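Q: Following is a predicted model, sequence given first.
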Amino acid sequence: MSNQSAAIVQRLWNYCTVLRDDGLSYGDYVEQLTYLLFLKMDDERRKIGDPSTIADAYSWASLVHLDGNELESHYREILTALGQGRGLIPTIFRKAQNRVQDPAKLKRLVSLIDGENWSRLNVDVKADIYEGLLEKNAQDVKSGAGQYFTPRPLIQAIVDVMAPQPGQTICDPACGTGGFLLAAYDFVGRHYQLDRDEWLHLRQEALHGWEIVDNTARLCVMNLYLHGIGHHSDRSPIHVDDALANKPSDTYDIVLTNPPFGKKSSVTYITEEGEVKREAQTVVRDDFWTSTSNKQLNFVQHVHKLLKIHGRAAVVVPDNVLFEGGAGETVRRKLLQESDLHTILRLPTGIFYAQGVKANVLFFDRKPGRERPWTEQVWFYDYRTNVHHTLKQNPLTRADLDEFVACFNPVNRHERVATWQEDEGNGDGRFRAYPLDDILARDKVNLDIFWLRDESLEDSDNLPDPDVLAVEIVEELEAALEQFRLIADDFVEWPDEA
């Protein structure tokens, strides 16, 4: 982030501490900034002659000079009016509410936004500012926003090996704040000299996302908008809906996604006695290989159906997807049969804002039907064993994944070279392949495979620093608790969280 971007982020964020005293959360603050920032930039575009679909009665000019109760009342009116209908603007303002109850503080927030000429800032600066605000929001453990924020270095590495091209369509069925879609957009823009039609396709047609949470969807749409995506389109690139609810009506060249972890699909209902109950809901779709209430297994199946034949996917999944029996085994067998599951990246703990996450990235290509399995071997890159990251002291960087990207060999992944050689002993090579027959011979087709020695178990001199070790212990306990929750969800009625 540039010094200019960082300074604006800090200036905006400092005011959040004032509003926090009034009970406004970080998420609420970013949400209000989104509404006001959109109105201000629409006003700036009007002044240079760009058309606007926002009526004059609900424009920035109608708001900026008001004070007190009149300001608060008109702001609520704007939020309600702009949330009606379909398209990009209604997606941003869908179910919007004013969370700033003090008119004087609302006026201060309006003045903060009005004091900056956003059109004068280039796209990268505006995008940096908003990404900075989203990351600060993700760092707030209490808000739970971290589950919607995939580490950007990981996203960059995944997009680098997937290497999207001009004219391709890219989908994220659990898009959060838009990290994968934006990284794909940036990759194509940086690596190719695009003509006018290719730029138009990239900005208006190439990117598609689904997000079930209204607040997160609006942040995603605004994030895309600040990157120059969707400006002159009457459709929103993001659909506010449950991606798993229906079979896809379209298919895509590339799917990149990090579906939400740790929750089974469920429905809440009220009994005749007035008691609130929640029960696991099995997703039943005739295009799925199996029916299950495990949301991650359902997303793996959904991603497969989202792909065109020969389309490519990268999906972040928790460990249980690799070893869980029953529906898990069925999904793994079908995935090996009907796609080329060519690569699995094992991720370390300590890189996600949501704690208790032990995750992997599955890379696979959808293939046409045939009797013989399409997967011939699965390459594993183990970036977990003997790797120690924390969010503050030792955060993940893009450079940490350089070796993985090189081993993946995106230019021609059929010419890969293992860094671990069986005849040379265990060694420390993190990249090796397992033939399909060896995988099918494993109990339940278990893909939770590792081979490196855990040095911390053998030599106390190799233990990480105490602060890193403490964080890792917390991560391991959180991950174990999450696995127990997944198992117990079918049997236990958990109390609603406050």
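A: That came through, no problem. Residues are numbered from 1 along each chain as shown.
Q: can you pull out the strands in the stretch 351-498 of the chain?
A: In the stretch 351-498 of the chain, strands defined by DSSP state E, counting those that start in this stretch lie at 359-366, 377-382, 431-435, listed in chain order.
Q: how about those in TSV, adding distance to Gly178, mean neighbour count and mean pLDDT?
A: For the C-beta atoms, the positions are set from N, CA and C on the backbone; glycine is no exception. Listed next are these as TSV, based on distance: least, Cβ to Cβ, whole Å; neighbours: other Cβ atoms under 10 Å; pLDDT from 0 to 100:
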stretch	distance to Gly178	mean neighbour count	mean pLDDT
strand 359-366	18	22	97
strand 377-382	26	21	97
strand 431-435	30	17	96
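Q: would a markdown table of these with distance to Ser293 be doable?
A: Listed next are those as a markdown table, based on distance: least, Cβ to Cβ, whole Å:
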| stretch | distance to Ser293 |
| --- | --- |
| strand 359-366 | 20 |
| strand 377-382 | 27 |
| strand 431-435 | 30 |
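Q: And for stretch 399-412, what's in contact with it?
A: 153-154, 157, 160-163, 343, 345, 363, 379, 381, 383, 389, 415-417, 419, 430-431 (Cβ atoms under 8 Å, 6 or more residues apart in numbering).
Q: quick one: which of those sit in helices?
A: Of those, the ones assigned to helices by DSSP state H are Pro153, Leu154, Ala157, Asp160, Val161, Met162.
Q: what's near enough to touch the second one?
A: Residues in contact with Leu154, defined by Cβ under 8 Å, 6+ apart, are Val316, Leu347, Ile351, Val361, Leu396, Leu401.
Q: Give me the phi and psi angles of Gly209.
A: phi -140, psi 160 (degrees, to the nearest 10).
Q: how close does the nearest residue to it once chain neighbours are set aside get to Ala243?
A: Nearest non-adjacent residue to Gly209, counting by Cβ to Cβ, 6 or more residues apart in numbering: Cys175, 3.3 Å away. As judged by Cβ to Cβ, to the nearest Å, Cys175 and Ala243 stand 9 Å apart.
Q: before we move on, what about Gln204?
A: 21 Å.
Q: Show me which of the two is the more surrounded one.
A: Set Gln204 next to Ala243 and count neighbours by other Cβ atoms under 10 Å: Ala243 wins out with 23 against 16.
Q: What does the pLDDT read for the more buried one?
A: According to the prediction, Ala243 has pLDDT 93.
Q: Same check on Asp22?
A: For Asp22, pLDDT reads 69.
Q: One more: the one 3 residues further on?
A: Each residue has a pLDDT score; the one for Ser25 is 79.
Q: Next: the one 5 residues further on.
A: What the model reports for Val30 is a pLDDT of 83.
Q: Then Gly228?
A: 80.
Q: Relative to Glu211, how far out is the residue nearest to Gly209?
A: Cys175 is 5 Å from Glu211, by Cβ to Cβ.
Q: Val100 contacts Gly23, doesn't it?
A: No: Val100 lies out of contact with Gly23 (Cβ atoms under 8 Å); the separation is 10.4 Å.
Q: Same drill for those two, tell me which one is more crowded.
A: The neighbour comparison of Val100 against Gly23 (other Cβ under 10 Å) goes to Val100, with 21 against 9.
Q: Now do the same for the more buried one: helix, strand or coil?
A: What DSSP: H, G, I helix; E, B strand; the rest coil gives for Val100 is coil.
Q: so who does it touch?
A: Val100 neighbours (Cβ under 8 Å, 6+ apart): Leu19, Asp22, Leu24, Gln32, Leu106, Leu109.
Q: now the strands for the stretch 101-250 of the chain?
A: With strands called from DSSP E, counting those that start in this stretch, the stretch 101-250 of the chain shows them at 170-172, 207-211, 238-240.
Q: Can you say which of these is packed in most?
A: strand 170-172 (a mean of 27; mean count of other Cβ atoms under 10 Å).
Q: Parallel or antiparallel, list what pairs with it.
A: Sheet pairing for strand 170-172, assigned by DSSP bridges, gives strand 207-211 (parallel), strand 252-257 (parallel).
Q: picking that back up, which of the contacts of Val100 are buried? Put it as a ChimeraX command.
A: Buried members of the contacts of Val100, defined by 16 or more other Cβ atoms under 10 Å, are picked up in ChimeraX with:
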select :19,24,32,106,109
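Q: Let's have the contacts of Val100 in a markdown table, adding distance to Glu116.
A: Output for these, formatted as a markdown table (distance: Cβ to Cβ, whole Å):
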| residue | distance to Glu116 |
| --- | --- |
| Leu19 | 18 |
| Asp22 | 23 |
| Leu24 | 21 |
| Gln32 | 16 |
| Leu106 | 17 |
| Leu109 | 12 |
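Q: now, which of the contacts of Val100 sits nearest Lys367?
A: Gln32 (47.2 Å; Cβ to Cβ).
Q: Out of the strands of the stretch 351-498 of the chain, which is closest to Tyr75?
A: Nearest to Tyr75 among the strands of the stretch 351-498 of the chain is strand 359-366 (40.5 Å), distances taken as Cβ to Cβ.
Q: how many neighbours does Arg86 have?
A: For Arg86, using other Cβ under 10 Å, the count is 11.
Q: meant to ask about Leu200, not that
A: 14.
Q: Pull the contacting residues for it.
A: No residues are in contact with Leu200 under the rule Cβ under 8 Å, 6+ apart.
Q: Mean pLDDT lowest where, among the strands paired with strand 170-172?
A: strand 207-211 (a mean of 95).
Q: what does that strand rub up against?
A: 169-176, 178, 181, 184-185, 217, 220, 224, 229, 237-243, 250, 252.
Q: Any of those buried? List them.
A: By 16+ other Cβ under 10 Å, the contacts of strand 207-211 give 169-176, 178, 181, 184-185, 217, 220, 224, 229, 237-240, 243, 252 as buried.
Q: Next, give phi and psi for Leu307.
A: The phi and psi torsions at Leu307 (degrees, to the nearest 10) take the values phi -80, psi 140.
Q: confidence score at Asn3?
A: Value for Asn3, per-residue pLDDT: 68.
Q: ok, back up a step: what is in contact with Cys175 and Glu211 at once?
A: With Cβ under 8 Å, 6+ apart, Cys175 and Glu211 have common neighbours Cys220, Ile238.
Q: you'd agree Thr330 is in a strand?
A: No: using three-state DSSP, the assignment for Thr330 is helix, not a strand.
Q: For the stretch 251-400 of the chain, which segments count as helices?
A: Assigned helices in the stretch 251-400 of the chain, in chain order: 295-306, 320-323, 327-338 (criterion: DSSP state H, counting those that start in this stretch).
Q: Next, the angle helix 295-306 makes with the last one.
A: Taking axes from the mean of the first three to the mean of the last three Cα atoms, to 10 degrees, helix 327-338 and helix 295-306 form an angle of 20 degrees between their directions.
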